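Asks: Okay, predicted coordinates and the sequence, questions at the end:
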There are 2 protein chains.
Amino acid sequence: MPGKYRIKSLEKIITILSCIYDCKNCANLNEITKKTGINKTTCFRLLQAMMAMNIVIQRQEHKVYSLGPQLISWGLFALSELDFHKEALPLMKILQTDTGESVNLSILDGTDVVIIERFRSNHLYSLNVNNGTRLPVYCTSHGKIILSYLPESKLEVILKKIQFIPLTNRTIINVDSFRKELKKTKKRGYAINMEEFEKGMAAVAGPVLNHKGEVIASLNVSYATARHSELQYNSNLAKKVLIACKKLSHSLGRIE
Amino acid sequence: MPGKYRIKSLEKIITILSCIYDCKNCANLNEITKKTGINKTTCFRLLQAMMAMNIVIQRQEHKVYSLGPQLISWGLFALSELDFHKEALPLMKILQTDTGESVNLSILDGTDVVIIERFRSNHLYSLNVNNGTRLPVYCTSHGKIILSYLPESKLEVILKKIQFIPLTNRTIINVDSFRKELKKTKKRGYAINMEEFEKGMAAVAGPVLNHKGEVIASLNVSYATARHSELQYNSNLAKKVLIACKKLSHSLGRIE
DNA sequence: CACATTATTCCACATTGTGGAACTTTTGTT
DNA sequence: AACAAAAGTTCCACAATGTGGAATAATGTG
């Protein structure tokens, strides 16, 4: 996370905001102090200053801190500026109707992907993610497809930062295996995640490319393995996902 | 904007982010320097530090700065935590179908309201706002209805901060007239904006209340005055808006 | 009512952010 | 292609600014 230019107070602020985010808006001063390791007084002052600027708010009469409306405003704006976003919605809707499964659109952010749009599965048993949810790159189809299209230089930076944690017995937990997986993914043209993030869940993802051929997002369909055990399912699904990805990339000026 | 506890570096960061937001993601270092009045070196360093943390990104090969994916992630999360948000969508859809006009949901943030959800009018001539757009409280139906329901103490803080700028010849531009307007609004139960923000545009807004009776959002319908000149139109529209508001408030635990 | 936990204030210190000046790169013009 | 102007980047010395320990106040709990 560090760069050449570091601002300690900014880093503290980011740490606090991330902590509030991780605690799902349910952290009070003490918890934030403990989880971030930042001095209590400092935390307090930074939180007060952020409150004065609507970056965070305090709910339930002086107790837990939450991310504030200023962040909503900036976040929604930043999202709307992603020009592929509006193009994506109708395509996602079609894909959802066609497959009956969850359709998700994500972008890369550091070593995570962020879900920015989502059409839910018809089925009850499906992953509980929402817009804004962050998922690790190394065990999601989103992450694999985006990284597989990244230029070597950017990829290396990210690979160095990843902390591989086994979430299921199928999770890839070392860099070299992950590198190989990325190569396979690139060759295949789509990414597959078979229960690497959560037992029982699988997904297939394709890349959204801009006019220069750079990946800017990932579109995937995720499903419960209990419902589809056929070997053919992934490749059939992939065809549909890739058609949507192509259309989306095309609307961004990508010509094959 | 100041509070008891101030962190200068945080204030600079907020100023820079606000500037990028105001410039619609189209500001380079020099513009940011000029518009914010912050020293160039300082701007540069803060921007570099923020880039390393995905708070901002730089687009078009080393040129303009944009709000980054980290803000999208936080923003979407903060939004999803607003529990009335999901309840609102179907009600807004119905209202849109019923009236054929733009339906908007907003929350208060300082002396602005932030549009958090929106169903567009069928008509070509309608206000060009998007999710995340900020509008001033003093010349919008959203602002009027929310402020009219605010407790005296909170209201006063906001009134002091408002900078009244005449946007049309109907804009209210002094605190006392605005106070009167808020009283009328509260009594009426809904807010009216007749070309106070933009010539040719009018709107009617109702309050979304939580279980304690506190306003937490505003729901409005906006339309072009060219299409509806009848005196009755506002009150008829208001009835529909208020029904939706009641339902929404009810789903938040508000019992009449 | 005593005790534990959490929140807030105060203050002296030095770490950290600051901005001027110099240097480099990019952009625009003839 | 050569030059000027503008924008971006690096360096460094200074002190303003953020820091955290300790003390105090508020709140919650048995």
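Replies: Ah, there it is. Numbers count the residues shown, from 1 in each chain, chains lettered A, B, ... in the order given.

Asks: rest of the way, CA atoms for contacts and neighbours
Replies: Fine.

Asks: Residue numbers of chain A in contact with DNA strand C?
Replies: Proximity of chain A to DNA strand C, by Cα under 7 Å from any atom of the strand, involves residues A:6-10, A:28-31, A:40-41, A:44-45, A:62-64.

Asks: The helix or strand in which A:Glu31 is found packs against which elements?
Replies: Taking DSSP states H and E as the definition, one finds A:Glu31 inside helix A:29-36. Packing partners of helix A:29-36 (3 or more Cα pairs under 8 Å, 6 or more residues apart in numbering or on different chains; DSSP states H and E): helix A:8-22, helix A:40-52.

Asks: and the last one, which residues are buried?
Replies: Which is helix A:40-52. Residues of helix A:40-52 classed as buried: A:40, A:43-44, A:46-52 (neighbour count, 16 or more other Cα atoms under 10 Å in any protein chain shown).

Asks: who does it touch, helix- and strand-wise?
Replies: With 3+ Cα pairs under 8 Å, 6+ apart as the test, helix A:40-52 has helix A:29-36, strand A:56-58 packed against it.

Asks: Check whether it comes near DNA strand D.
Replies: Yes: Helix A:40-52 lies within reach of DNA strand D by Cα under 7 Å from any atom of the strand, at A:41-42, A:46.

Asks: now, among the residues you listed, which is nearest to DNA strand C?
Replies: Comparing the residues of helix A:40-52 next to DNA strand D against DNA strand C with Cα to the nearest atom of the strand places A:Thr41 closest, at 4.7 Å.

Asks: can you tell me which of the helices and strands packed on helix A:40-52 comes nearest to DNA strand D?
Replies: Per Cα to the nearest atom of the strand, nearest to DNA strand D of the helices and strands packed on helix A:40-52: helix A:29-36, 10.1 Å.

Asks: got a list of what the closest residue to A:Tyr149 other than its chain neighbours touches?
Replies: Spatial nearest neighbour of A:Tyr149, excluding adjacent residues (Cα to Cα, 6 or more residues apart in numbering or on different chains): A:Val215 at 6.1 Å. By Cα atoms under 8 Å, 6 or more residues apart in numbering or on different chains, the residues touching A:Val215 are A:146, A:149-150, A:207-209.

Asks: Go through these and say which is closest to DNA strand C.
Replies: For the contacts of A:Val215, the nearest to DNA strand C is A:Leu150 (21.9 Å; Cα to the nearest atom of the strand).

Asks: would you turn the buried residues of helix A:40-52 into CSV with distance to A:Glu181 and pLDDT?
Replies: Rendered in CSV, the data for the buried residues of helix A:40-52 read as follows (distance: Cα to Cα, whole Å; pLDDT from 0 to 100):
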residue, distance to A:Glu181, pLDDT
A:Lys40, 44, 90
A:Cys43, 41, 91
A:Phe44, 45, 92
A:Leu46, 42, 93
A:Leu47, 42, 92
A:Gln48, 46, 90
A:Ala49, 45, 92
A:Met50, 42, 92
A:Met51, 44, 89
A:Ala52, 47, 88
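
Asks: So which of those is the closest to B:Asp83?
Replies: A:Met51 (20.5 Å; Cα to Cα).

Asks: For the closest one, which non-adjacent residue is closest in space?
Replies: Spatial nearest neighbour of A:Met51, chain neighbours left out: A:Ile57 (5.5 Å); criterion: Cα to Cα, 6+ apart.

Asks: Report how many residues lie close to the one you found.
Replies: 21 (other Cα atoms under 10 Å in any protein chain shown).

Asks: these two touch, right, it and A:Ile72?
Replies: No: A:Ile57 sits out of contact with A:Ile72 when judged by Cα atoms under 8 Å, with a separation of 11.9 Å.

Asks: shaky segments in chain A?
Replies: Low-confidence segments of chain A (pLDDT under 70): A:1-3, A:60-62, A:124-128, A:211, A:253, A:255-256.

Asks: And the helices in it, which stretches?
Replies: A:8-22, A:29-36, A:40-52, A:69-81, A:84-99, A:141-149, A:152-161, A:175-188, A:232-251 (DSSP state H).

Asks: Any buried residues in the longest one, and which?
Replies: Pointing back at helix A:232-251 there. Neighbour-count burial for helix A:232-251 [16+ other Cα under 10 Å]: A:234, A:237-238, A:240-242, A:244-251.

Asks: and what of the fourth one?
Replies: If you call a residue buried by 16+ other Cα under 10 Å, then helix A:69-81 has these buried ones: A:69-80.

Asks: ok, and the closest non-adjacent residue to A:Ile145?
Replies: A:Ala191 (5.2 Å).

Asks: and the gap between that neighbour and chain B?
Replies: The spacing between A:Ala191 and chain B, counted by Cα to the nearest Cα, to the nearest Å, is 22 Å.

Asks: Neighbours of that residue, how many?
Replies: Residues lying near A:Ala191 (other Cα under 10 Å) number 29.

Asks: From DNA strand D, how far off is it?
Replies: To DNA strand D, A:Ala191 is 34 Å away according to Cα to the nearest atom of the strand, to the nearest Å.

Asks: for A:Gly200, same thing?
Replies: 39 Å.

Asks: burial count for that residue?
Replies: 17.

Asks: what sits against the closest residue to A:Lys35 other than its chain neighbours?
Replies: Counting by Cα to Cα, 6+ apart, A:Lys35 lies nearest to A:Cys19, which is 7.2 Å off, once chain neighbours are set aside. Applying Cα under 8 Å, 6+ apart, we find A:Cys19 in contact with A:32, A:35-36.

Asks: What subset of those residues is buried?
Replies: Listed as buried from those are A:32, A:36; burial here means 16+ other Cα under 10 Å.

Asks: DNA strand C: which of the contacts of A:Cys19 is nearest?
Replies: Of these, the one sitting nearest to DNA strand C (Cα to the nearest atom of the strand) turns out to be A:Ile32, at 8.1 Å.
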